[in-house]
Each structure stands twice: as structure tokens, then as C-alpha cells.
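got a structure for you, letters missing:
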């Protein structure tokens with residue numbers, strides 16, 4: 001295998017890991033989770049708490065979303081995508 005082919009395989013492997021759907025989902029959960037958690041800490045008016053039965057919905061749903069995002073990141077790190085194995089005889 002030439003140096004160019006090895007470099008191409010490294011780029012394909014890096015791009016497949018970068019665009020792993022688990023990573024995209026994790027980023028979305030983490031961003032929305034942080035926004036909701038901050039909103040839970042900032043906007044605690046008695047009227048909003050009364051509407052939710054005394055539970056700070058933004059805070060708790062933000063924390064849950066952060067936990068889910070961290071789980072997705074852990075899953076992507078523990079079980080990374082592997083590029084398909086190509087049989088040299090088929091080329």
C-alpha cells in the first residue's frame with residue numbers, strides 16, 4: 001500500500017467518526033440540555049412553578065438531556081465506527 005492510499009484511509013476513517021450520527025445526537029442533546037438547565041436556574045417565577053405543579057421542569061429536563069448527551073458521547077467513544085473491510089481480491 002502506498003503512502004497516498006494509507007492517507008486516504010485515515011481521512012475516510014476520521015470523517016466517518018466525525019459524522020457519526022451518535023455524535024450529532026449527543027451534541028444536540030448537550031446544547032439543548034445546557035440551555036434548559038440555564039433557563040431553569042434563571043427563570044424561577046412563582047407563576048411558572050405553579051403551572052408545573054411546583055416542579056422546575058426546565059431544570060430537570062435540562063439535566064436529563066445532559067445525561068442522555070453524555071451517554072451518547074460515551075457510547076460513541078466505547079464503540080467507535082469501524083470502516084468496512086475490503087477484500088483485496090475483490091478490487
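Arrived safely. Keep in mind the model is a prediction, meaning the values are calculated, not measured.

Residue 60: what secondary structure?
Assigned by DSSP: H, G, I helix; E, B strand; the rest coil, the conformation of residue 60 is helix.

I'd assumed residue 40 was in contact with it.
Yes. Look at residue 60 against residue 40 with C-beta atoms under 8 Å: they come within range, at 7.3 Å. (C-beta placed from N, C-alpha, C; glycine too.)

what's the spacing between the strand or helix carrying residue 74 and its chain's center?
Taking DSSP states H and E as the criterion, residue 74 maps to helix 57-78. Computed by C-alpha atoms, centre = their mean, to the nearest Å, the chain-centroid distance of helix 57-78 equals 8 Å.

residues touching residue 43, list them.
Taking C-beta atoms under 8 Å, 6 or more residues apart in numbering, we find residue 43 in contact with residue 58.

I'd like to know how far it sits from residue 86.
Separation of residue 43 from residue 86 (C-beta to C-beta, to the nearest Å): 54 Å.

Who has more neighbours out of residue 60 and residue 40?
Neighbour comparison, residue 60 and residue 40: the larger count goes to residue 40, with 17 against 14 (by other C-beta atoms under 10 Å).

contacting residues around the more buried one?
56, 57, 58, 59, 60, 62.

can I get those residues in TSV with pLDDT?
Converted to TSV, the contacts of residue 40 look like this (pLDDT from 0 to 100):
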residue	pLDDT
56	92
57	93
58	93
59	94
60	96
62	97
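
Just the buried ones from these, in ChimeraX syntax?
Those of the contacts of residue 40 that count as buried under 16 or more other C-beta atoms under 10 Å are selected in ChimeraX with:
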select :56,58,59,62
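
Tell me the one of the contacts of residue 40 nearest residue 23?
Of all the contacts of residue 40, residue 23 sits closest to residue 62, with 20.2 Å by C-beta to C-beta.

So the closest one sits against residue 30, correct?
No. Between residue 62 and residue 30 there is no contact under C-beta under 8 Å: 10.2 Å.

which intervals of the protein have sub-threshold pLDDT?
1-18, 90-91 (pLDDT under 70).

which residue is nearest the middle of it?
Centroid check for the chain by C-alpha atoms, centre = their mean gives residue 26 as the closest residue, at 1.2 Å.
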